[in-house]
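**Q** Build me a model from this:
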Amino acid sequence: MRGKFFRLAFALVVLLALALPASAGDTNYSSLVTETSITAGTSVTATTSVVAGTSVAAGTTVAAGTSVAAGTTVAAGTTVTGGTGVVATTGNVTATAGNVAATVGDVTAGDDVIATDAVTGVSITATTGNVTATAGHLIAGGFARLTAQTSITITDGCTITPTGTYQPLTAAAGVAFSDIVVSTAGSLLLLVNTSAQTITITDTSTTMLSGNAALAQYDTILLMSDGTNWIQIAPEGDN
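**A** Numbers count the residues shown, from 1 in each chain. I've put the predicted structure just below:
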């Protein structure tokens, strides 16, 4: 009987120890469930899975290798160390009053990055999407660099489909054409003849010029789309 009593007492002590919360500064979570609140000063260890709906308070250290799921709220002042994956598959990563910062790594978005304040000191690359300023401005303190698209070989009477603003042209002989597939309204198109042959763009169809533009080597012409036509917006560059 005495042995059974001691075994029961020991089991109760173990259960009480497991039920008591650890101090905020020393807690190491290995897994978290939905709607958990992680308090300030907590250490969340590597390989932890922080699921959607979890609230991570300011001052928390989230270690490398932690997976923070979509819908998680990470408060301003939280330290997310190198190698941590902050993943928003269909939701958002939001800094209401603080910052989302990558000191030496990258902040990568497979969908949209929406900033309601300034985005400073960073390089923003849109591989297949857009960088959009809805009500503000896109300001370049240095050079605005246009990437040259693959050169299009022009033949007499051909139709071309530019793939970007800076579109080089080339030809094997003197040629003329007028049909340029129209892009979204507001798009700019800079055509540059890189060949030693004259390429003439005729003022007809949906190409609205001040007259036929005969581009010799390195001559340029700048057009803007209104959604229906390409409209010449600057004099031909005779170089």
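**Q** My guess is residue 181 contacts residue 161. True?
**A** Yes - between residue 181 and residue 161 there is a contact under CB atoms under 8 Å: 4.3 Å. Placement of C-beta: from N, CA and C, glycine included.
**Q** Domains in the protein, by residue range?
**A** Taking automatic domain parsing as the domain assignment, the ranges for the chain are 21-141, 152-232.
**Q** In the sheet, which residues pair with residue 193? Tell me.
**A** residue 169 (DSSP bridges).
**Q** Show the contacting residues for it.
**A** Applying CB atoms under 8 Å, 6 or more residues apart in numbering to residue 193 gives the contacts 168, 169, 170, 171, 199, 215, 216, 217, 218, 219, 220.
**Q** now with 10 Å?
**A** Going by CB atoms under 10 Å, 6 or more residues apart in numbering, residue 193 touches 151, 154, 168-171, 199-201, 213-221, 239.
**Q** Retrieve the pLDDT associated with it.
**A** pLDDT recorded at residue 193 is 98.
**Q** Please report how far it lies from residue 236.
**A** From residue 193 across to residue 236, the span is 11 Å (CB to CB, to the nearest Å).
**Q** residues shared between the contacts of the two?
**A** With contacts taken as CB under 10 Å, 6+ apart, residue 193 and residue 236 have 201, 213, 214, 215, 219, 220, 221 as neighbours in common.
**Q** wait, isn't the first one in contact with residue 222?
**A** No - counting by CB atoms under 10 Å, no contact exists between residue 201 and residue 222, whose distance comes to 11.9 Å.
**Q** When those two are compared, which one has more neighbours?
**A** The residue with more neighbours, out of residue 201 and residue 222, is residue 201; 26 against 16, by other CB atoms under 10 Å.
**Q** now the helices for the chain?
**A** In the chain, helices defined by DSSP state H lie at 2-19, listed in chain order.
**Q** Helix or strand with the lowest mean pLDDT in it?
**A** The weakest-scoring helix or strand in the chain, judged by mean pLDDT, DSSP states H and E, is strand 28-31 (a mean of 50).
**Q** what about this protein, any weak spots by pLDDT?
**A** Within the chain, the ranges that satisfy pLDDT under 70 run 1-37, 39-53, 57-59, 61-113, 115-116, 119-122, 126-127, 129.
**Q** Can you give me every residue that contacts residue 236?
**A** Listed by CB under 10 Å, 6+ apart, the contact partners of residue 236 are 191, 201, 209-215, 219-222.
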